[in-house]
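> got a predicted model here, sequence first, then my questions.
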Amino acid sequence: MVVAYAHAVSFTLLLILFMMHVVFASLGLNGQKTIHLLCRLTSVFVIFTGAGLVIQYSLFAHLWQWSLIKMLFGLWLIASMELILVRLEKKRRTGVYWAFFCIGIIATFTIGFTFI
Ligand code: HEM
């Protein structure tokens with residue numbers, strides 16, 4: 001329960017920081033590097049709490065397969081966010097990575113709230 005709560009808090013914070021970075025980059029504001037660093041730090045929390053949930057679900061639930069699929073999409077989403085942020089800082093095109101992001105976020109939330 002505590003781990004699920006920590007997971008929810010950290011992935012919400014990560015999504016907020018990610019969006020902040022995107023806005024800062026589109027407005028050309030300073031501070032993108034700092035927000036990117038905070039994003040990476042928060043990602044570590046998301047991964048650790050997510051791993052905690054995977055362990056919890058492998059031990060106690062009959063739906064453990066979904067927790068593994070959820071993990072893959074969660075990692076996919078974090079990777080796509082990292083790729084977008086790196087490219088935004090280098091002022092390179094991000095189009096295809098936004099497609100990866102959309103697939104990741106739809107899959108993570110659908111699996112997170114529907115199947116488990
Ligand atoms: C930005 C990335 C991620 C987002 C947006 C995200 C989102 C969610 C959501 C919405 C839920 C269901 C609601 C909840 O329990 O709070 C959830 C549950 C879960 N997540 Fe993540 N997650 C992410 C990354 C990860 C990662 C990296 C892992 C594994 C290492 C993971 C493993 C899990 C597991 C096993 C559950 C099922 C437990 C449950 O439904 O309570 N997640 N996640």
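It's in.

> near the ligand, which residues of this structure?
Counting by Cβ under 6 Å from any ligand atom, the chain comes close to the ligand at 4, 7-8, 11, 14, 46-47, 50-51, 53-54, 57, 67, 70-71, 74-75, 77-78, 108-109, 112-113, 116. C-betas here are computed from N, CA, C, even on glycine.

> make a ChimeraX selection of the buried ones in these.
Burial among the residues of the chain next to the ligand is assessed by 16 or more other Cβ atoms under 10 Å; the matching ChimeraX selection reads:
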select :7,11,14,46,47,50,53,54,57,67,70,71,74,75,77,78,108,112
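
> so which of the residues of the chain next to the ligand sit within helices?
Counting by DSSP state H, these place 4, 7-8, 11, 14, 46-47, 50-51, 53-54, 57, 67, 70-71, 74-75, 77-78, 108-109 in helices.

> shaky segments in this protein?
61, 115-116 (pLDDT under 70).

> cutoff 90 now
Residues of the chain meeting the criterion pLDDT under 90: 1, 56-66, 114-116.

> report the central residue of it.
The centroid of the chain falls nearest to Ile78 when counting by Cα atoms, centre = their mean (4.0 Å).
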